[in-house]
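S.K.: Here's a sequence, model it:
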Amino acid sequence: MNLLTADIIERFYTFLWPMLRISALLLSAPIFSLRSLNTRMRVLLAVALTWMVYPLFDWPKIDPVSPTGLVEVFNQVSIGLVMGLSLQVITAAILLAGQSISTAIGLSMAMLMDPNLGNVPVVAQFVLILSTLIFVSLGGHTMLLALVVDSFSSLPIGKGLLTATAWAHFVKWSSMIFLGAVLMALPVMVTMLFINIGLGVATRAAPSLNIFSLGLPVMIVAGFAVMMVALPSMGARIEWLWLQGFMEIRGQISPAAG
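M.R.: Prediction:
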């Protein structure tokens with residue numbers, strides 16, 4: 001009986017380490033971190049993924065309540081969080097682009113309540129749904145799971161550590177929030193700027209025109225027309241952003257990144 005108990009504890013100690021990294025990834029990665037995926041489903045998914053990964057590697061036997069084990073717990077949680085948050089940078093860029101487009105076409109007050117992000121403009125919600133569909137169509141969920149499996153080879157338990165260089169690289173990567181938002185929203189914002197200039201010239205030439213009653217409908221109609229024209233290029237940019245996110249994760253888990 002004592003032998004059986006010791007064996008169970010030993011297996012639990014080795015099973016704990018991959019589950020920590022996978023669980024942290026599921027808590028922070030797009031789609032997997034949605035509130036519609038409740039805690040029970042997330043725990044079951046983490047256990048199932050860990051069960052599939054467990055036979056593929058040799059796991060060290062480290063006591064999680066020892067000083068070395070506590071450091072390793074922080075280590076594994078940090079690796080999973082950084083991998084998930086690297087893709088959340090793309091989600092933030094897409095959300096910022098949608099908010100900028102909403103402001104440009106005059107729909108910034110049209111808000112929806114998103115359970116994950118709070119109050120979000122209607123256009124931003126549409127772009128987020130589009131980005132989620134592109135993420136799934138690219139097989140992003142399978143690519144992400146493949147990356148976390150590969151991370152156990154490049155950043156093994158007890159050996160792979162996220163260094164200060166890796167954290168600095170992650171902070172640098174967060175600038176993609178602004179770059180990605182500008183790349184997505186620039187065509188619509190530039191077009192709406194020229195339309196605003198045209199409305200200003202028309203109001204100057206004919207002061208009897210009411211800019212408030214005329215300008216808002218024109219901006220909304222023109223904004224939707226420009227979005228329809230720019231939608232293919234926006235989809236291509238969203239796809240490029242997701243691929244850049246996966247490349248960033250690949251660079252983080254490679255030995256050179258540490």
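
S.K.: I'd like to know the predicted local confidence at the residue nearest the centre of the chain, please.
M.R.: Central residue of the chain (C-alpha atoms, centre = their mean): Gln88, 2.1 Å from the mean position. If you check Gln88, the pLDDT there is 89.

S.K.: Which helix or which strand is home to it?
M.R.: helix 67-105 (DSSP states H and E).

S.K.: circling back: which residues does the residue nearest to the centre of the chain contact?
M.R.: Gln88 makes contact with 28-30, 33, according to C-beta atoms under 8 Å, 6 or more residues apart in numbering. Every C-beta, even on glycine, is put in place using the N, C-alpha and C of the backbone.

S.K.: Now with 10 Å, please.
M.R.: Applying C-beta atoms under 10 Å, 6 or more residues apart in numbering, we find Gln88 in contact with 28-30, 33, 81, 174, 177, 245.

S.K.: cool, and Leu241?
M.R.: 87, 89-91, 93-94, 97, 131, 134-135, 176, 179-181, 183-184.

S.K.: So which of the residues you listed is surrounded by the most neighbours?
M.R.: For the contacts of Leu241, the largest number of neighbours (other C-beta atoms under 10 Å) sits with Ala97, at 30 neighbours.

S.K.: I'd like the average pLDDT over stretch 18-38.
M.R.: Mean predicted lDDT for stretch 18-38 stands at 82.

S.K.: end-to-end on it?
M.R.: Start and end residues of stretch 18-38 are separated by 21 Å (C-alpha to C-alpha, to the nearest Å).

S.K.: Now that stretch: buried residues?
M.R.: Within stretch 18-38, the residues scored as buried using 16 or more other C-beta atoms under 10 Å are 18-33.

S.K.: again with stretch 134-154
M.R.: 134-135, 140, 143-145, 147-149, 151-152, 154.

S.K.: which stretches of the stretch 151-258 of the chain aren't confidently modelled?
M.R.: 159-162, 206-215, 255-258 (pLDDT under 70).

S.K.: Which parts of it are helices?
M.R.: 164-173, 176-205, 211-253 (DSSP state H, counting those that start in this stretch).

S.K.: Report the contact partners of the closest residue to Met184 other than its chain neighbours.
M.R.: Leaving aside its sequence neighbours, Met184 sits nearest to Ala97 (C-beta to C-beta, 6 or more residues apart in numbering; 3.7 Å). Counting by C-beta under 10 Å, 6+ apart, Ala97 touches 123-124, 127-128, 131, 177-178, 180-186, 188-189, 234, 237-238, 241.

S.K.: Quick check: of the buried residues of stretch 134-154, which lies closest to Asn196?
M.R.: Ile134 (30.3 Å; C-beta to C-beta).

S.K.: Now do the same for the closest one: helix, strand or coil?
M.R.: State at Ile134, reduced to three classes by DSSP: H, G, I helix; E, B strand; the rest coil: helix.
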